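Engineer: A predicted structure for the sequence below; I have some questions about it.
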Amino acid sequence: MDRQLSTPTAILLGSAMIAAAIYLGLRHGPAGVATDPRPAGGAPSQPAAAASSAGPAPRAPGAAAPAPQPAPSVPRDEVARQAARALDAHRPALIERCYKPAVAAQPGPRGARYVFNLTFDAQGRQIARGIIEDHEASRPEVTACLVAALPPVAVAPPGANVRVDVPFSLP
């Protein structure tokens with residue numbers, strides 16, 4: 001006796017699996033959280049009855065609204081200049097540790113050019129760093145050494161998170 005699912009049974013099982021997936025996916029709420037339309041002072045921007053029927057659900061007691069990111073008090077160009085000076089301060093050590101051994105092992109290409117993507121928090125501490133190689137003047141062994149050898153850099157507190165791109169070259 002050969003047992004197979006009938007078409008109606010397969011449709012019923014498939015529908016149940018889809019319903020379960022939708023239920024589990026929607027149970028935790030939407031992925032993006034809507035912001036509260038009330039001003040910072042807490043006064044409602046519309047009557048309470050209309051807000052409760054049309055607006056977002058009220059916050060739990062003690063839950064704070066996410067603070068908006070303030071504009072940096074230090075201009076982005078100044079942060080970039082400070083980051084460039086901080087990278088330049090490490091240049092002699094990086095040449096000795098990373099560049100000279102690579103050139104001794106393989107003479108060409110002579111230079112190496114990069115762009116550092118640096119993100120600083122409001123206190124001026126580095127919170128993220130990326131490095132982009134110039135493929136025409138690239139030395140992968142130098143890039144790997146730079147990533148490992150360069151300590152986090154810091155700038156004067158900008159007052160908000162700031163991302164800058166800083167050109168850098170060796171030697």
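Structural biologist: Good, I have the coordinates.
Engineer: what about the one helix or strand residue 16 maps to, distance to the chain center?
Structural biologist: Using DSSP states H and E, residue 16 maps to helix 7-26. Taking Cα atoms, centre = their mean, to the nearest Å, the mean C-alpha location of helix 7-26 is offset from the chain mean by 37 Å.
Engineer: Over to stretch 156-171?
Structural biologist: On Cα atoms, centre = their mean, the centre of stretch 156-171 falls 15 Å from that of its chain.
Engineer: Please point out which parts of that stretch sit buried.
Structural biologist: 157-158, 162, 164, 166, 168, 170 (16 or more other Cβ atoms under 10 Å). In this view, the C-beta of every residue, glycine as well, is placed from N, C-alpha and C.
Engineer: out of those, which are inside strands?
Structural biologist: Of the positions in those, 162, 164, 166, 168, 170 sit in strands, assigned by DSSP state E.
Engineer: From what I see, the last one and residue 98 are in contact.
Structural biologist: Yes: Residue 170 is within contact range of residue 98, at 7.2 Å (criterion: Cβ atoms under 8 Å).
Engineer: Which neighbours do the two have in common?
Structural biologist: Common neighbours of residue 170 and residue 98, counting by Cβ atoms under 8 Å, 6 or more residues apart in numbering, are residue 142.
Engineer: which residues in this protein form strands?
Structural biologist: 112-120, 126-133, 162-170.
Engineer: So which residue is smack in the middle of the chain?
Structural biologist: residue 128 (7.6 Å; Cα atoms, centre = their mean).
Engineer: Identify the residues contacting that residue.
Structural biologist: 117-119, 163.
Engineer: 10 Å - rerun?
Structural biologist: Residues counted as contacts of residue 128 (Cβ atoms under 10 Å, 6 or more residues apart in numbering) are 117-121, 152, 161, 163.
Engineer: so which of those residues comes closest to residue 79?
Structural biologist: residue 120 (6.5 Å; Cβ to Cβ).
Engineer: how many neighbours does residue 149 have?
Structural biologist: If you count neighbours by other Cβ atoms under 10 Å, residue 149 ends up with 14.
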